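1. Pasting the sequence and the predicted model now:
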2 protein chains.
Amino acid sequence: MSALLRRLIDDLRCLPGVGPKSAQRMAYQLLERDRDGGRRLAATLAEAMTGIGHCRRCRDYSENELCAICLGGNRDQQLLCIVESPIDLAAIEQATGYRGNYFVMHGRLSAIDGRGPRELGLDLLANRLLEEGVQELIIATNATVEGEATAHYLAELARSADVRATRLAHGVPLGGELEFVDRGTLALAFGSRQSL
Amino acid sequence: MSALLRRLIDDLRCLPGVGPKSAQRMAYQLLERDRDGGRRLAATLAEAMTGIGHCRRCRDYSENELCAICLGGNRDQQLLCIVESPIDLAAIEQATGYRGNYFVMHGRLSAIDGRGPRELGLDLLANRLLEEGVQELIIATNATVEGEATAHYLAELARSADVRATRLAHGVPLGGELEFVDRGTLALAFGSRQSL
């Protein structure tokens, strides 16, 4: 096999979920059927890896100093939703009608990984809470142990800035059958039952 | 979402088997964890899409005029294996101990797609059969209707050049249970039964 082709197959494996077989299929298919698409992808990839940084205000990915949401000004400035990663932000934008602002931590508090409040940009967050008239901090960290610990820290931070802190509801997922819901989730959902 | 990030997600979808969800996951993961890998992939991809052409002799992919196999000269020049696509060549190289040469058609005879002997480079093949002292043409086209039709044409071509033509054996795949083998394959395997 050509050395360049082998290098292409190796390099394609930096994509998540791509093993040796699919990398080979991708390389051959691009060469055989879509060289223009491959060239376009190469150009965009090079541009994105270098050009995309963090929005100065919310820390979401952006190729400009301020992202479209922060720049737009048509968002409710009283609501601030804090997430662990940009992909969580994208999921909330796609699924909900939320019209407030965001803050992206790019991680969670983790002593093992050496991530403290400073690494997550929480000094920046504290300033925003104090200066921007935020009324509610919506804490949308993951429902993992570290996510919960981070949520508690954020709730304290909100309290000290006199901002109301809320957390996404836990419960039975839509379409979920009680029989197969784990015990912890079922207990939480039972405890937080709501009137019909 | 940043316009450049959206463009990256769109362009990743030119890869086979990559839908909107996995393209999104790829883009975010590269940005978050492996920008160097992404840059390297971009460079290799650009180089490969433009630099990889066809070997002048066997028509396999190669960034040089002659591929490594044709250039090497340590192959049995009496054996020539003909395949539909470069990925078939790679599969045979990986699975078998074959030490002869190859010829890649980049397709199969197909009236509908307007692919005749000329498009498949069969004039080049005919020259090789006449000039290179080939003793056996191993026809490794796919076991599809068009692949079989192409194999018959190639067998005729070999006969007219006084070269022996062989075809990969059909039969029960290794690990295959007779109950689940299709009827056509079972009938062929039964007919070609061999002494133990």
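-> Looks like it arrived, so ask away.
2. From now on I want contacts and neighbour counts done on CA atoms only, so please keep to that.
-> OK.
3. residues near A:S62, how many?
-> 22 (other C-alpha atoms under 10 Å in any protein chain shown).
4. looking at it, A:L80 is touching A:A140, isn't it?
-> No. Shown here, A:L80 and A:A140 do not form a contact pair, counting by C-alpha atoms under 8 Å, at 10.3 Å.
5. Which one's more surrounded, these two?
-> Neighbours per residue (other C-alpha under 10 Å) separate A:L80 from A:A140, with A:L80 holding more: 25 against 20.
6. and whatever helix or strand that one lives in with chain B, contact?
-> Assigned by DSSP states H and E, A:L80 falls within strand A:76-83. No. With C-alpha under 8 Å from any C-alpha of the partner chain as the criterion, chain B is not reached by strand A:76-83; the gap is at least 14.5 Å.
7. So A:R118: helix, strand or coil?
-> coil (DSSP: H, G, I helix; E, B strand; the rest coil).
8. Would you map out the domains in chain A?
-> Using automatic domain parsing, the domain parsing of chain A gives A:8-51, A:61-167.
9. Return the most buried member of those domains.
-> A comparison of those by mean neighbour count, using mean count of other C-alpha atoms under 10 Å in any protein chain shown, puts domain A:8-51 on top with a mean of 19.
10. Show me how far that one is from its chain's centre.
-> 24 Å (C-alpha atoms, centre = their mean, to the nearest Å).
11. cool, and stretch A:183-196?
-> For stretch A:183-196, the separation from the chain centroid amounts to 26 Å (computed by C-alpha atoms, centre = their mean).
12. Could you give me the buried positions within it?
-> A:L186, A:A189 (16 or more other C-alpha atoms under 10 Å in any protein chain shown).
13. For that stretch, list the C-alpha coordinates in PDB.
-> Listed next in PDB are the C-alpha coordinates belonging to stretch A:183-196 (Å, rounded to 0.1, in the frame of the first residue of the first chain):
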ATOM      1  CA  ARG A 183     -33.200   2.500  41.900                       C
ATOM      2  CA  GLY A 184     -31.500   5.900  42.600                       C
ATOM      3  CA  THR A 185     -33.400   7.600  39.800                       C
ATOM      4  CA  LEU A 186     -36.700   6.000  40.800                       C
ATOM      5  CA  ALA A 187     -36.300   7.000  44.400                       C
ATOM      6  CA  LEU A 188     -35.500  10.600  43.300                       C
ATOM      7  CA  ALA A 189     -38.500  10.700  40.900                       C
ATOM      8  CA  PHE A 190     -40.800   9.300  43.600                       C
ATOM      9  CA  GLY A 191     -39.600  11.900  46.100                       C
ATOM     10  CA  SER A 192     -40.100  14.800  43.600                       C
ATOM     11  CA  ARG A 193     -43.600  13.600  42.400                       C
ATOM     12  CA  GLN A 194     -45.800  16.500  41.100                       C
ATOM     13  CA  SER A 195     -49.500  17.200  41.200                       C
ATOM     14  CA  LEU A 196     -51.500  16.500  38.000                       C
END
